[in-house]
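[1] Quick one, structure for this:
(4 chains)
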Protein chains: 2
Amino acid sequence: MNSDTRQRIVMTALEMFYVKGYNSTSIADILSRSQVHSGSLYHFFPGKQDLLVAVLEFYRDGIEDNLLSIAWADQTDPIEKIFALLNGYRIGLMMSDFQHGCPIGNLALEISEPDPRIRELLDVNFANWIDAVERCLNSANERLPAGTDTHALAEFILTIMEGAIMQARTARDIAVFDRNIKVLRQHINLLLEKAKEPS
Amino acid sequence: MNSDTRQRIVMTALEMFYVKGYNSTSIADILSRSQVHSGSLYHFFPGKQDLLVAVLEFYRDGIEDNLLSIAWADQTDPIEKIFALLNGYRIGLMMSDFQHGCPIGNLALEISEPDPRIRELLDVNFANWIDAVERCLNSANERLPAGTDTHALAEFILTIMEGAIMQARTARDIAVFDRNIKVLRQHINLLLEKAKEPS
DNA sequence: CACCCACTTGATCGATCATTCAAGTTCCCA
DNA sequence: TGGGAACTTGAATGATCGATCAAGTGGGTG
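    Next up is the predicted model:
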């Protein structure tokens, strides 16, 4: 099986869905960018939705190697790992002139009546991200107030990342992103301080 | 000038962009739903983008009367006004079975290369929302720690609202929204407590 | 009454959409 | 070496897209 062409299609689609969105990316766009002919694409994927499924699966399977391990390369403090991860998105925003946000977030808002497979994959991608942050928080457990709900806090951090990217892209101003991260940092600091207080 | 038809078109477009998104809503959709013929629509609007502009202007001009005054009807405490506003989106999510999120947020992520008018209107709509929340925070100024950046905090609250809606819609689970608001509440409480400390 | 102009009707346009398919080509295995 | 499966080519399809426009209708004004 020639998975070379298949992979080129998926990678091209990933990039284009990322930048233009799913609905605004035509099959013709993908074909011309990936130098593949329609027959080949439809040999591997029954339809456009199935291509989206493959893209989301690819993204899901690459989170560890392509996102976390890179962002965390030179971070040992688990709290700083979280901010390093957020900084990765910041860099993506700036390097692409605000074209790149979060691939999953874009799709999550765009797809209004998703195929169950797609909704599930969006969910799994969010869940994996939250899990990774939650593991960081759990590693810093003794520095946080007793009884801190680390899952809810990790979810909250994803929320801020998605919301901050949305606003920074709209304003085309990285300062919006930075201010949001700064307030998050203040919240974390308040938690760390509170944990030091005598109970 | 017959602004009756015009208004019906704008209201229909608002609702459909809200639920299906801009790209996924066709002119034909709007025509059949609003019982208007294409010639009439193009009499009032040169093109689809101009219709989106009208929708965003309509939304901008209605924020005070249609959003804030309703959410704040029986709230006097400025902090509680903020949570009442957030609760309005919560109700919208539940009543529409997760179809309604934030009209502006959806469009902000969907429109990748916006007409300058559109980007500006998205920005203004966000700015008005932030201003409203900032006014609440300023009203509660003496209860917050000295030197609190109320603009950044208001921006942060919008961020959380947008991110929380995104995740709750994807999971189709209101508990996600609630957990996010709960963490925000904890943050606000930490600020209120800190303000009471002797300096 | 006559004229005009705002507005409506609805058929129609070319472009683009996702998708199909018959006719290739390549390559592995028997 | 021959056959068949995997894959490629690229023209073609019908549907749908946003947009156009000539022919109306109706109400207000001169």
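[2] Model confidence for the residue of chain A at minimum distance from DNA strand D, exactly?
    Per Cβ to the nearest atom of the strand, A:G39 is where chain A lies closest to DNA strand D, at 2.1 Å. All C-beta spots, glycine's among them, are computed from the backbone N, C-alpha and C. In this model, A:G39 is scored at 97, pLDDT.
[3] quick one: buried residues of stretch A:22-41?
    Of the residues in stretch A:22-41, A:22-25, A:30-31, A:34, A:36, A:40-41 count as buried by neighbour count, 16 or more other Cβ atoms under 10 Å in any protein chain shown.
[4] Just the endpoints, please. Distance across that stretch?
    Taking Cα to Cα, to the nearest Å as the measure, stretch A:22-41 stretches 16 Å from start to finish.
[5] now stretch A:12-27
    End-to-end span of stretch A:12-27 (Cα to Cα): 11 Å.
[6] How far off centre is it?
    Here stretch A:12-27 shows a centroid-to-chain-centroid distance of 16 Å under the convention Cα atoms, centre = their mean, to the nearest Å.
[7] is it anywhere near DNA strand C?
    Yes - shown here: stretch A:12-27 in contact with DNA strand C (Cβ under 7 Å from any atom of the strand) through A:25-27.
[8] ok, so of those, who is nearest B:L190?
    A:T25 (43.2 Å; Cβ to Cβ).
[9] Can you pull the phi/psi pair for the closest one?
    Torsion angles at A:T25 (phi, psi; degrees, to the nearest 10) stand at phi -90, psi 120.
[10] Surely it is in contact with A:A13?
    Yes - counting by Cβ atoms under 8 Å, A:T25 sits close enough to A:A13 to count as a contact (7.3 Å).
[11] about what we covered before: and the residue of chain A closest to DNA strand D, what element?
    helix A:38-44 (DSSP states H and E).
[12] How far off centre is that helix?
    28 Å.
[13] ditto for stretch A:47-62
    Relative to the centre of its chain, stretch A:47-62 is centred 14 Å away, using Cα atoms, centre = their mean.
[14] now the buried residues of stretch A:22-41 as a markdown table including distance to chain B?
    Formatted as a markdown table, the buried residues of stretch A:22-41 follow (distance: Cβ to the nearest Cβ, whole Å):
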| residue | distance to chain B |
| --- | --- |
| A:Y22 | 9 |
| A:N23 | 4 |
| A:S24 | 6 |
| A:T25 | 10 |
| A:I30 | 16 |
| A:L31 | 20 |
| A:S34 | 19 |
| A:V36 | 23 |
| A:S40 | 26 |
| A:L41 | 21 |
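[15] and which of those residues is nearest to A:Y59?
    Here the nearest of the buried residues of stretch A:22-41 to A:Y59, counting by Cβ to Cβ, is A:Y22; it sits at 13.0 Å.
[16] ok now do that closest one, which residues does it touch?
    By Cβ atoms under 8 Å, 6 or more residues apart in numbering or on different chains, A:Y22 lies in contact with A:52, A:107, A:110-111.
[17] Of those residues, which pair is most distant in space?
    Farthest apart among these by Cβ to Cβ are A:L52 and A:E110. That separation is 10.5 Å.
[18] So if I had to pick from those two, which one is more boxed in?
    A direct count of neighbours by other Cβ atoms under 10 Å in any protein chain shown for A:L52 and A:E110 places A:L52 higher, at 24 against 20.
[19] ok, back up a step: for my notes, please list the residues of stretch A:12-27 next to DNA strand C in CSV and give pLDDT for each entry.
    Formatted as CSV, those follow (pLDDT from 0 to 100):
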residue, pLDDT
A:T25, 97
A:S26, 98
A:I27, 98
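[20] buried ones in the helix or strand encompassing A:E80?
    Using DSSP H and E, A:E80 sits in helix A:78-95. Buried residues in helix A:78-95, counted by 16+ other Cβ under 10 Å: A:78-79, A:81-86, A:88-90, A:92-93.
[21] What distance do you get for A:H43 to B:A71?
    Distance, A:H43 to B:A71, using Cβ to Cβ, to the nearest Å: 53 Å.
[22] Neighbour count for those two, which is higher?
    In this view A:H43 and B:A71 are compared by other Cβ under 10 Å, and B:A71 has more residues nearby, 20 against 13.
[23] if I look at that one, how far off is B:G88?
    4 Å.
[24] just A:L52 next, same as before
    Distance, A:L52 to B:G88, using Cβ to Cβ: 32 Å.
[25] Ok, A:S139 next?
    38 Å.
[26] Equivalent analysis for A:V183, please.
    Taken as Cβ to Cβ, the span from A:V183 to B:G88 is 22 Å.
[27] and if you look at A:R33?
    42 Å.
[28] repeat for A:L14
    In terms of Cβ to Cβ, A:L14 sits 36 Å off from B:G88.
[29] what does A:D149 give?
    25 Å.
[30] likewise A:N87?
    33 Å.
[31] Same check on A:W129?
    A:W129 is 28 Å from B:G88, by Cβ to Cβ.
[32] And A:R172, by the same measure?
    28 Å.
[33] How about A:S24?
    Taking Cβ to Cβ, one finds A:S24 at 30 Å from B:G88.
[34] try A:P46
    42 Å.
[35] Next, the contact list for the residue sitting nearest the centre point of chain A, please.
    Central residue of chain A (Cα atoms, centre = their mean): A:C102, 4.5 Å from the mean position. Neighbour list for A:C102: A:89, A:161-162, A:165 [criterion: Cβ under 8 Å, 6+ apart].
[36] Local confidence estimate at the residue nearest to A:S112 when sequence neighbours are not counted?
    Closest residue to A:S112 apart from its sequence neighbours, by Cβ to Cβ, 6 or more residues apart in numbering or on different chains: B:K20 at 5.3 Å. For B:K20, the model assigns a pLDDT of 92.
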